[in-house]
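1. the sequence isn't on hand, but the structure is:
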């Protein structure tokens, strides 16, 4: 048993040993282990349940190593923006950036074609990180440039995003041209990068590139005094600096500042992985063979490594010294002001990167993975605060932004969401112990302050990959969870909704108490949208009786009418009125169904023949036909009615129907649900146990169109074949009901010419033709023919009397 559990754990732990990356646009996933890699692309497929769903399928797989013994150490999937004006916001293509233990960084297309390779440092690549363009939220915020940062054990290389974008486009175009013609060879522009040698640090395992920052005058004077002493000279304008934060040991967290202009960008000639005589390189580039030279000609070129430029020394400015603590990961927040750091003590530490301080610590999160979610407030849901001192009345202002820290603790198999900086835990999910949390921290490369205006890219912020269930899940956090203030009306409303849901699930037999508390809770809620959500929860509850539903809805509606005209939400008021009409209709139909009426004596054969306008000979022929059909189909096709078909719960009734401009519409339903609704309305009438006239009048007054009622009646009739054959009285009941429906307004057009086809009777004819229950269809056709003849006779009589 112990061996089985160990082997099972190893099977589930395989993803922990892999290097994993998912594109922010969710259109490419890369899983790599040592030399091998798999590129997965999403495709629509039919699941086991028969539904279409998005599944990841292998787009390319193979070995990526070129140098002997090198392994994949880091991977990024970077979507690149389209340059076309008609772009819909989807990326043009996705570049896969792979870092190796040999120091090489190689760039691939989605199909595994090697575009270019760079050796910027001879040490192993530890981490690849990317920053894409974001529109500054405030005028004073420094605009950050796009960049790709590469971490080595003692150096950081940053490649300018614009230079990288142009080089990748040129290399991809070169691949396409070489594949098409084999003659053209265009040299792409060189990459512009900066290389910093990090000093005064023992070990570095991860980093975060904060971007360009400018000190305030006070911080400028403080920094100058610390570095240059009392007599240090102060420049008139604060210098711009690029800030980097590293985690590792001694110091546990190091802060580096590189002055802009202190180091000139280095230019690297792009090592093309294509040439004019490209033959099989498109298919074998991932294994490193270029394919157009013989092996002995290529060997000298392979032994000559590119020239590696020396790094510009950069000393650590300050850090968080803790000799026993070793940092493992650092994750920068979307606003670039906070960072989450994990260590080998099982702690998650929240850093204020602007001040260089640890502001919060979580304990008990060994091997934790972290990420961030940034949520923007919806202005339509914001509480409008009235300012007595403001001449402008209600001040709304721009949307607020909230930051949430997501922590995945694999040892406990739990995913937690925390409100930062000092907020509470707002969510927790049991997700399993073998997952991977993916937080890219970037979006689409190649945008700027002009092109990003019209773009609405669909990107996720954070997701969880579960190898056990084989699923990828994203996390969404509503903004109101950041409002921890007790005075926040939004937070209070959500608390009341949770309390209401708990009340509806409570195991208590005192329904009067539930009604009283539900009324109190729904009236305490402030926002109309939340009131509607609460009322929908009550109406969909199976435990609340009809009387309580009606009382609660009526109470809310009366409360809304008492409010000032400007404050009343018309949508909520109309919603209450519509639900109240449906509740009253349900109550009336249930009452009519429960009232037993005195049945007339069963009609004789002569009466039925007269009713159907058939001669005695034809009627007996019809009877014989039906009896033979009944005998032949007793055990096979005849359907038996369910005794409970006429009992429909109020919850189901409300789900089936909706009001729109004082007209009741039936929602799209399955055949069984359609029959259940028709049975609730008409089955008692067809059995002669309820008043047909009263039911038809009630349904017409409620707002049902005759066409919908006819459809419900025919579906019910045609589905209850066995029962109607056992009850000859049902034929006369159907005749009565069909006559009443035909006399309703807009049922039969007044201008209908008896010589032409009426849409009303065409609807009935179509239903009979499409039915598989032949006996029921034949009877309904005879009844329809009789009612038609009756209507034609009455029309003729009117014309004669007018003459």
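-> That came in fine, so what should we check first? Because the structure is predicted, anything quoted here is derived from the model rather than measured. Numbers count the residues shown, from 1 in each chain.
2. and the host helix or strand of residue 589, what does it pack against?
-> For residue 589, the element it lies in under DSSP states H and E is helix 570-594. If contacts are counted by 3 or more C-beta pairs under 8 Å, 6 or more residues apart in numbering; DSSP states H and E, helix 570-594 sits against helix 528-539, helix 546-562, helix 650-656, strand 657-660, helix 671-686, helix 692-702. (Each C-beta comes from the backbone N, C-alpha and C, glycine too.)
3. now find how far off-centre it is within its chain.
-> Here helix 570-594 is found 33 Å from its chain centre; the criterion is C-alpha atoms, centre = their mean, to the nearest Å.
4. identify the residues contacting that helix?
-> The contact list for helix 570-594 (C-beta atoms under 8 Å, 6 or more residues apart in numbering) reads 528, 531-532, 535, 539, 546, 549-550, 553-554, 556-557, 560-561, 646, 650, 653-654, 657-659, 664, 680-681, 684, 689-691, 694-695, 698-699, 702-703.
5. now the residues you listed: which count as buried?
-> Among the contacts of helix 570-594, those classed as buried by 16 or more other C-beta atoms under 10 Å are 528, 531-532, 535, 539, 549-550, 553, 556-557, 560, 646, 650, 653-654, 657, 659, 664, 680-681, 684, 689-690, 694-695, 698-699, 702-703.
6. lowest average confidence, helix or strand, in this structure?
-> One helix or strand of the chain scores below all others by mean pLDDT, DSSP states H and E: helix 281-284, with a mean of 37.
7. counting contacts, what elements does the lengthiest helix in the chain pack onto?
-> For the chain, the longest helix by residue count, based on DSSP state H, is helix 774-802. Counting contacts by 3+ C-beta pairs under 8 Å, 6+ apart, helix 774-802 is packed against helix 605-612, helix 616-632, helix 706-719, helix 721-726, helix 729-742, helix 759-770.
8. ok, which of those helices comes nearest residue 210?
-> Among the helices and strands packed on helix 774-802, the nearest to residue 210 by C-beta to C-beta is helix 706-719 (63.6 Å).
9. buried ones in that closest one, by neighbour count?
-> 706, 708-719.
10. now distance to residue 778 and pLDDT too, for the residues you listed, in TSV please.
-> Formatted as TSV, those follow (distance: C-beta to C-beta, whole Å; pLDDT from 0 to 100):
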residue	distance to residue 778	pLDDT
706	23	86
708	24	88
709	22	88
710	18	88
711	19	88
712	20	88
713	16	88
714	13	89
715	17	89
716	17	88
717	12	87
718	11	87
719	15	88
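11. closest one of these to residue 145?
-> Closest to residue 145, out of all of those and judged by C-beta to C-beta, is residue 708, at 62.2 Å.
12. quick check: that closest one vs residue 727, distance?
-> Going from residue 708 to residue 727 by C-beta to C-beta, to the nearest Å gives 25 Å.
13. excluding its backbone neighbours, what's nearest residue 725?
-> In this structure, residue 725 finds its nearest non-sequential neighbour in residue 630, 5.4 Å apart by C-beta to C-beta, 6 or more residues apart in numbering.
14. isn't that neighbour up against residue 774?
-> No - counting by C-beta atoms under 8 Å, residue 630 sits too far from residue 774 to count as a contact (11.1 Å).
15. so residue 515 is in which element?
-> Assigned by DSSP H and E, residue 515 falls within helix 511-524.
16. summarise which helices and strands that helix is packed against.
-> When contacts are defined as 3+ C-beta pairs under 8 Å, 6+ apart, helix 511-524 packs onto helix 489-505, helix 528-539, helix 546-562.
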